[in-house]
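K.L.:
Here is a sequence together with a model predicted from it:
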Amino acid sequence: MLQSFKLFFNCNLVRSRSYSGYYVSRVRYLKRLKEDDEACREALKSGIFLLYHKLSPLLRETSSGIYTLASLKTSGFNTTPFKLFHYVNKRILHMHLYICMPISVDLEHILEKVGKDKHFVNESFLLGCTDKGEPQFSLEVGDIDRSALEQECRGMFVDLRKAFFMLPGPESPLAAKGQALLRWHQTNCFCSATGQPTIRNQSGSFRVCHSSGITYYPKMAPVVIVLVSDGSRCLLARQTMFPLGMYSALSGFCDMGESVEETLHREVAEEVGLEVKNIQYSGSQHWPFPQSSFMLACHATVNPDKTQVNIDKAELEDARWFTYEEITEALRKPPLDPRREPPVFWVPPSYAIANQLIQEWANQQQLSRKLHGLK
Ligand SMILES: NC(=O)C1=CN([C@@H]2O[C@H](COP(=O)(O)OP(=O)(O)OC[C@H]3O[C@@H](n4cnc5c(N)ncnc54)[C@H](OP(=O)(O)O)[C@@H]3O)[C@@H](O)[C@H]2O)C=CC1
Ligand SMILES: [Mg+2]
């Protein structure tokens, strides 16, 4: 069984490393934008902007009924300079590629229409860059007429948790990172040592207090998330704040000084009164809630004769063992449609690492059922 788990984990690693050939160039281009304010200001002119209203991203519905993140551009340039660095015999060859881009919507023009100065784009934060080398930024529009902006942009601002059910897979992490960076900057405007304002660099990769000299970098709080199995069932739980019917894997913040394993043992014991063994690492994920968590996902097992749960009602509303059939049924259910009643039991969206753990467990069960001649 452990051997098969390892097989799944290795597949995961391979999947997450499917970089394009220009990966190194992209990473170094972004590093330069992070460190060089002038280069970053220049990149704004050819950037792609994701807008947020009170931390909700702007989504657009395509003609085929699929939702995507609305990307806006400024009018400044219609070409993107993207430097590719090639290392040949320790000599660096610089190649400038100019990629023509159609200007879909003029961001500055739109911002002016809703009462914002055209220099407002300078308040954006660098998120990354596309495969084509277009730098991507997030921008909080703040207190403006939300519906006027939605109309101008032909989109709508959607709560991020809902957006995770609507967006195609690769766009969710970008939407999450955009919100997380905006929130971090909003809540770190002052130095905790002097109380003086902190000043951001152009990319938003840090803030500095010029009075104390302290540099603040965006932070994530480590959280362990674990799918506990008794061999044929898995344990899922829900908190009162979860949407109706949603169950997820057990999770908890790491205490200062703890290892992943120590947090995992403590959280499972605290929340459901069980002792676990056979911890297997599965993967990790940045999660933007509540203030950016770094999710470390694992599988673990309990003795099949020691499965009685004893729920800490202060933390959890419910915790139950679910069979393979219940889990596969929940995984088959389509993403939530806000216009319909939620199903009685459902699991987090495919972007959430909890979903990945549940999927891996179901795959593992399917494999061992095949080996034992079961359906
Ligand atoms: N991506 C995924 O698949 C999943 C992600 N998660 C995320 O994991 C996170 C943690 O899971 P959860 O089970 O709630 O954690 P815990 O079981 O540790 O309980 C959360 C409580 O711990 C307190 N707490 C301790 N340290 C921190 C900290 N650094 N930041 C915030 N609160 C802290 C808070 O108390 P108080 O409120 O009283 O201050 C909070 O209510 C959640 O934010 C959740 O969004 C969870 C499941 C799935
Ligand atoms: Mg918890």
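P.N.:
That came through fine. Ligands and ions are numbered 1, 2, ... in the order given.
K.L.:
From here on, just use CA atoms for contacts and neighbour counts.
P.N.:
OK.
K.L.:
Pull the residues that contact whatever helix or strand residue 362 lives in.
P.N.:
For residue 362, the enclosing helix or strand under DSSP states H and E is helix 353-371. With contact meaning CA atoms under 8 Å, 6 or more residues apart in numbering, helix 353-371 is reached by 1, 4-5, 8, 225-227, 232, 234, 248-249, 282-285, 295, 297-299, 324, 327-328, 331, 347-350, 375.
K.L.:
hmm, that helix touching ligand 2?
P.N.:
No - using CA under 5 Å from the ion, helix 353-371 stays clear of ligand 2, with a minimum separation of 12.6 Å.
K.L.:
Going through the contacts of helix 353-371, which ones are buried?
P.N.:
Buried members of those, counted by 16 or more other CA atoms under 10 Å: 5, 225-227, 234, 248-249, 282-283, 285, 295, 297-299, 324, 327, 331, 347-350.
K.L.:
now the closest residue to ligand 1 within the stretch 51-200 of the chain: how far from residue 314?
P.N.:
Proximity of the stretch 51-200 of the chain to ligand 1 (CA to the nearest ligand atom) peaks at residue 161, 10.0 Å away. From residue 161 across to residue 314, the span is 24 Å (CA to CA, to the nearest Å).
K.L.:
Looking at these two, which is more packed in?
P.N.:
Legend: neighbour count by other CA atoms under 10 Å for residue 161 and residue 314, higher for residue 161 (14 against 9).
K.L.:
coming back round to it: could you give the secondary structure assignment for the residue of the stretch 51-200 of the chain closest to ligand 1?
P.N.:
Under DSSP: H, G, I helix; E, B strand; the rest coil, residue 161 falls in the helix class.
K.L.:
Number of residues surrounding the closest residue to ligand 2 within the stretch 101-250 of the chain?
P.N.:
Ranked by CA to the ion, the top residue of the stretch 101-250 of the chain for proximity to ligand 2 is residue 250, at 5.8 Å. Here the count is done by other CA under 10 Å, and residue 250 has 23 residues near it.
K.L.:
can you offset everything so residue one is 897?
P.N.:
Yep, numbering from 897; the last one is residue 1146 now.
K.L.:
ok, what's across the strand from it?
P.N.:
Per DSSP bridges, the residues bridged to residue 1146 are residue 1122.
K.L.:
so who does it touch?
P.N.:
1121, 1122, 1123, 1124, 1131, 1132, 1133, 1163, 1164, 1167.
K.L.:
what does residue 1107 give?
P.N.:
Per CA under 8 Å, 6+ apart, neighbours of residue 1107: 1090, 1092.
K.L.:
Now do the phi/psi pair for it.
P.N.:
Per-residue torsions, residue 1107: phi -80, psi -50 (degrees, to the nearest 10).
K.L.:
just checking, residue 1032 touches residue 947?
P.N.:
No - if you go by CA atoms under 8 Å, residue 1032 and residue 947 don't touch, sitting 10.9 Å apart.
K.L.:
Who has more neighbours out of these two?
P.N.:
residue 947 (28 against 24).
K.L.:
Excluding sequence neighbours, find me the nearest residue to that one.
P.N.:
Closest residue to residue 947 apart from its sequence neighbours, by CA to CA, 6 or more residues apart in numbering: residue 1035 at 5.0 Å.
K.L.:
what's around the one you found, how many residues?
P.N.:
23.
K.L.:
likewise residue 1139?
P.N.:
12.
K.L.:
Kindly report the same for the one 4 residues further on.
P.N.:
Under the neighbour criterion other CA under 10 Å, residue 1143 is assigned a count of 21.
K.L.:
got a list of what it touches?
P.N.:
Here residue 1143 is in contact with 1132, 1133, 1134, 1241, 1242, 1243, 1244 (criterion: CA under 8 Å, 6+ apart).
K.L.:
Then residue 1164?
P.N.:
Neighbours of residue 1164 in contact, by CA under 8 Å, 6+ apart: 1146, 1170, 1171, 1172.
K.L.:
And the strands in the stretch 947-1096 of the chain?
P.N.:
Per DSSP state E, counting those that start in this stretch, the stretch 947-1096 of the chain carries strands over the ranges 952-957, 963-965, 967-969, 975-984, 987-996, 1021-1025, 1031-1036, 1052-1053, 1095-1096.
K.L.:
Tell me the helices and strands packed up against the third one.
P.N.:
The one in question is strand 967-969. Packing partners of strand 967-969 (3 or more CA pairs under 8 Å, 6 or more residues apart in numbering; DSSP states H and E): strand 944-949.
K.L.:
rewinding a little: which of the contacts of residue 1146 fall within helices?
P.N.:
With DSSP state H as the criterion, helices contain 1163, 1164, 1167 from among the contacts of residue 1146.
K.L.:
pLDDT added to those, as a markdown table?
P.N.:
Shown next, in a markdown table, are the ones in helices among the contacts of residue 1146 (pLDDT from 0 to 100):
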| residue | pLDDT |
| --- | --- |
| 1163 | 98 |
| 1164 | 98 |
| 1167 | 98 |
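K.L.:
if I read this right, residue 1029 contacts residue 922, doesn't it?
P.N.:
Yes - Residue 1029 is within contact range of residue 922, at 6.7 Å (criterion: CA under 8 Å).
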